[in-house]
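structure, please.
(2 chains)
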Amino acid sequence: MRVGIPRALLYHHYGDCWLEFLEGIGAEPVLSEPTTGDIITDGATRADNETCLPVKVFSGHILSLKDDVDAILVPRVVSQGHGRCSCPKFLGLPDLARTLDPQLPAIVAPKMDICDPWSLWAREWYHTARTLGAGRARSAAAVRRLLRSLGRLEQGAEEGASAPSDITIGVAGHLYNVHDERVSLGLLDRLKAMGARPVTVDEVDPAEVLRQADSLPRKVFWGFESRLAGAVLHWSRTGAVSGILFVTSFACGPGSIVGALLEDQLRREGSVPIMTITLDEHAAEAGLVTRLEAFVDMLRHAARTRKRTGLVAP
Amino acid sequence: MKVAVPRMGNLPFIVRDLAYRFDFDFMETPPFTEKTMETGAALSPEFACLPLKAVLGSFVEMLDAGVDTLVMGGGHGPCRFGYYGEIQRRILEREGYQFEMYVLDPPSVSLSAFYRGIRSIIPASRVPLARLARELSNVMSKVVVFDTLEKWAMALRGLEAEKGSVNAALDEAREIVGAAFTRSEIKRARAEAQERFSLVRLDRERQHLTIGLVGEIFVVLEPFFNFDIDRWLGKRGVVVERCVNIADTVYPGGRNPVFGYTEHAVARAAQPYLSHEVGGDGLKSVGATAMFARRGFDAVVHFLPFTCMPEVIAKGVLGRVSSELDFPVLSLSIDEQTGKAGVETRLEALLDLACSKRGKRVTAGVPVVRIEGGWQVGNGS
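Numbering: from 1, shown residues only, chains lettered A, B, ... in the order given. All right, here's what the predicted structure looks like:
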């Protein structure tokens, strides 16, 4: 049994756990190829025209898997953290995927609801495993392993060590945009090439992120966005970065709100500069590069001025 | 303290009623205009959805007119609406306005937060708990009656023998209900309003189209944004039914007293196409469309604000509903640039399509039936 996983959206968060699960039940996981221009075009033409860029990319990946697999795994991620919900797009994702093409292979959509303390959703994964042809014991073992690896994920990632650099830039954006070379037009590599050190949201300690996010007067109720807001506040309040890039995609709903919230909050606190970059399927490299260069130059200039006037960098 | 609330459908009537009951000073929310939208859109984040911009624009107008307390609805996701209040407060503070803002979380999020929200506007020293509960329950029944009046008007408008007689009846009925305050008065007013509606002469023989209205509550209810669709359709002899109402949204337990089908039934109808709640009115749009199709309606018009997250999903799924059930669905996404002519042309095309489809079928359209509690579209299957 060949089961496809589109290399898009929450694959960038939970992909390893999903792959491990499929291997555990003896199915052959098929990961779609890294995003290409064709995949984006395909997705943009077939998906609803008003959805956000990542969903269009996701649709492209689904269509690219169409002929090679017997089923496609599209988990319905209902929440990504305690007391938080997911963006509506994730809630309806399997149903959206089914509308793309009547000839699609079966879409299996077990629920993933991390804020459920009893993990009742795990039962759906068990049934999924059974329908994909695994035995009882094997399915149960795979589900237990999935729960364990998700738990480890919650506890957080290790800080990535990298080359020292004069400026550090916090890249606040969805992992599926930032870590996708094609969608982000190689944003992280470009920053590195300019001599800056980019840090992403997943490199910040989750406990610290939660604490910072709770300091906002009104709770951000989307799981990933609250993490993103917490990370930005952590960077700006501890002075861990010299500037923040807020990377969002065209028609991203939570992004429009959280972006406005963070811009306002940072302005009130008078801390580091923040620049918003909006990605879409027509994004041209030249425009992005110019803005990145200008931003990095501005940060360097500010750092030099501070040094000259004898002020300590924040 | 002078209170301002956003405008949406029957909300102005309800606020007037609340102000009378609890005796606070408030400002009648002015109707939306081009100017309101311009102000709102200029201040809002670019990709925020239409209701945020519209409400912000009208808040600015009311703050300029001397209001000092803003009340906004809240929520706990996944729809962006839950965060509107916070963003609007920040934007208005940035613009230098002095005001208090209360974001009322609905009881479904947290009963205590809801109670605290209410108490910050109506202090316990003035209105004791028992009276507050009684009055709120009376307001609720009044909201249901107000929305029911609209439901009757939409069902009857397409069949009226004299143009404008339903609108006249609606205005009078609203006045009758608006003057009722206690439980028994509201009950009597409802009967009186029904009497008033039954005076409207109907042309029962007329062949009519029946169209369902689904979508995001703000654009479906607010005539400025949907170009007064229920009257526009009514004028062309179309019987209309709408699945979203203020009463259905605030009524506890998902009973939907005005629409008449419970949340559970709607979710069951949506199940083959969309099997999970997506926030806002997304699931309801899909479920109600499937129901309308089953009840023999001719078409569904789906309204959504541009980039509305739940409704964009519904829109994607509705494409499938439409092709599988062979049922016309027109999705209209509305933003501050949407023009009346464009919307009307598409609606006319939809009516033509529904007419030509009707030609192939034997049915004479869904009848509007007089029942004990008013009027309903269809025989109640």
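
any idea how far A:P88 lies from chain B?
A:P88 sits 4 Å away from chain B, going by Cβ to the nearest Cβ, to the nearest Å. The way it works is simple: take the backbone N, C-alpha and C, and place the C-beta from them, glycine included.

grab the nearest non-local neighbour of A:V247.
For A:V247, ignoring the flanking residues on the chain, the nearest one in space by Cβ to Cβ, 6 or more residues apart in numbering or on different chains is A:G173 at 3.0 Å.

where does the stretch 51-200 of chain B dip in pLDDT?
Scanning the stretch 51-200 of chain B for pLDDT under 70 picks out nothing.

next, count neighbours for B:A169.
23 (other Cβ atoms under 10 Å in any protein chain shown).

what residues are up against it?
B:A153, B:R196, B:F197, B:L199, B:V200 (Cβ atoms under 8 Å, 6 or more residues apart in numbering or on different chains).

likewise for A:C87?
Neighbours of A:C87 in contact, by Cβ under 8 Å, 6+ apart: A:W222, A:F224, A:E225, A:G253, A:P254, B:P78, B:M309.

domains in the chain, by residue range?
Defaulting to chain A. A:2-155, A:167-308 (automatic domain parsing).

I was after chain B.
If you go by automatic domain parsing, chain B breaks into B:2-127, B:138-377.

right, is stretch A:95-109 up against chain B?
Yes. Counting by Cβ under 8 Å from any Cβ of the partner chain, chain B is contacted by stretch A:95-109 at A:D95, A:L96, A:R98, A:T99.

quick one: which of those is most hemmed in?
A:L96 (28 neighbours).

look up how far A:D113 lies from that residue.
19 Å (Cβ to Cβ, to the nearest Å).

kindly report the same for A:G83.
12 Å.

repeat for B:W232
43 Å.

kindly report the same for A:H179.
With Cβ to Cβ as the criterion, A:H179 and A:D113 are 24 Å apart.

quick one on the thing from earlier: among the domains of chain B, which is nearest A:P206?
domain B:2-127 (19.9 Å; Cβ to Cβ).

for that closest one, measure first residue to last.
By Cα to Cα, to the nearest Å, the extent of domain B:2-127 from end to end equals 18 Å.

that domain and chain A in contact?
Yes. With Cβ under 8 Å from any Cβ as the threshold, domain B:2-127 lies in contact with chain A, specifically through B:44-49, B:76-80, B:82-83, B:85-87, B:90-91, B:94, B:103.

list only buried entries from those residues.
Among the residues of domain B:2-127 next to chain A, those scoring as buried are B:44-45, B:47-49, B:76-80, B:82-83, B:85-87, B:90-91, B:103 (criterion: 16 or more other Cβ atoms under 10 Å in any protein chain shown).

which of these fall within strands?
B:V103 (DSSP state E).

so what's B:E192 closest to, chain neighbours aside?
B:I176 (5.2 Å).

can you pull the contacts of the one you found?
B:A189, B:E192, B:A193, B:R196.

now, which of these sits nearest B:T33?
B:A193 (30.2 Å).

which residues touch B:S58?
B:P6, B:R7, B:T29, B:P30, B:F32, B:T36, B:G40.

now the closest residue to chain A within the stretch 51-200 of chain B: phi and psi?
Proximity of the stretch 51-200 of chain B to chain A (Cβ to the nearest Cβ) peaks at B:G77, 3.6 Å away. Main-chain torsions, B:G77, degrees, to the nearest 10: phi 70, psi 180.

model confidence score at the residue lying closest to it once chain neighbours are set aside, please.
Nearest non-adjacent residue to B:G77, counting by Cβ to Cβ, 6+ apart: A:F221, 3.6 Å away. pLDDT recorded at A:F221 is 91.

report how many residues lie close to A:F221.
Around A:F221 there are 22 residues (other Cβ under 10 Å).

distance of it relative to A:S119?
A:F221 is 21 Å from A:S119, by Cβ to Cβ.

what's the answer for B:V238, then?
50 Å.

next one: B:L274
Counting by Cβ to Cβ - B:L274 and A:S119 are separated by 24 Å.

looking at these two, which one has more neighbours?
The residue with more neighbours, out of B:L274 and A:S119, is B:L274; 29 against 16, by other Cβ under 10 Å.

what helix or strand does the more buried one sit in?
Using DSSP states H and E, B:L274 is not contained in any helix or strand.

next, format the domains of chain A as JSON lines and append distance to B:E263.
Formatted as JSON lines, the domains of chain A follow (distance: least, Cβ to Cβ, whole Å):
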{"stretch": "domain A:2-155", "distance to B:E263": "16"}
{"stretch": "domain A:167-308", "distance to B:E263": "21"}
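
out of these, nearest to B:A288?
domain A:2-155 (16.0 Å).

neighbours around the closest residue to A:R84 other than its chain neighbours, how many?
Counting by Cβ to Cβ, 6+ apart, A:R84 lies nearest to A:G223, which is 3.9 Å off, once chain neighbours are set aside. Look at A:G223: counted by other Cβ under 10 Å, it has 26 neighbours.

re earlier: so which of the domains of chain A comes closest to B:N167?
domain A:2-155 (34.1 Å).

first to last residue in that closest one, what's the distance?
Termini of domain A:2-155 sit 31 Å apart (Cα to Cα).

contacts only, for residue 292.
No chain was given, so I picked chain A. A:L187, A:R190, A:L191, A:M194, A:L245.

that's the other chain; I wanted chain B
Contacts of B:F292 (Cβ under 8 Å, 6+ apart): B:G212, B:V214, B:E241, B:C243, B:V300, B:F327.

the helices in chain A, which residues?
Taking DSSP state H as the test, the helices found in chain A are A:11-24, A:37-46, A:53-65, A:88-91, A:93-99, A:122-131, A:136-155, A:175-178, A:187-193, A:206-214, A:223-238, A:253-269, A:285-308.

now do the first one and helix A:136-155, the angle between them.
Angle between the axes of helix A:11-24 and helix A:136-155 is 160 degrees (criterion: axes from the mean of the first three to the mean of the last three Cα atoms, to 10 degrees).

and what of the longest one?
Here helix A:285-308 points in a direction 40 degrees away from that of helix A:136-155 (the same axes, to 10 degrees).

report the buried residues of helix A:285-308.
A:L288, A:V289, A:L292, A:F295, A:V296, A:L299, A:R300, A:A302.

relative to chain B, how far out is the fourth one?
To tie it back to what came earlier, the one meant is A:F295. 19 Å.

before we move on, what SS does B:E241 have?
strand (DSSP: H, G, I helix; E, B strand; the rest coil).

specify the beta-bridge partners of it.
B:E241 forms beta bridges with B:G212, as assigned by DSSP bridges.

how about it, what does it touch?
Contacts of B:E241 by Cβ under 8 Å, 6+ apart are B:K151, B:M154, B:A155, B:T210, B:I211, B:G212, B:L213, B:F292, B:F297, B:V377.

residue of the stretch 51-200 of chain A nearest chain B, please.
A:G92 (3.8 Å).

and the stretch 51-200 of chain A, which of its residues are near chain B?
A:51, A:76, A:78, A:84-89, A:91-92, A:94-96, A:98-99, A:111.

quick check on those: which are buried?
A:51, A:76, A:78, A:84-89, A:91-92, A:94-96, A:98-99, A:111.
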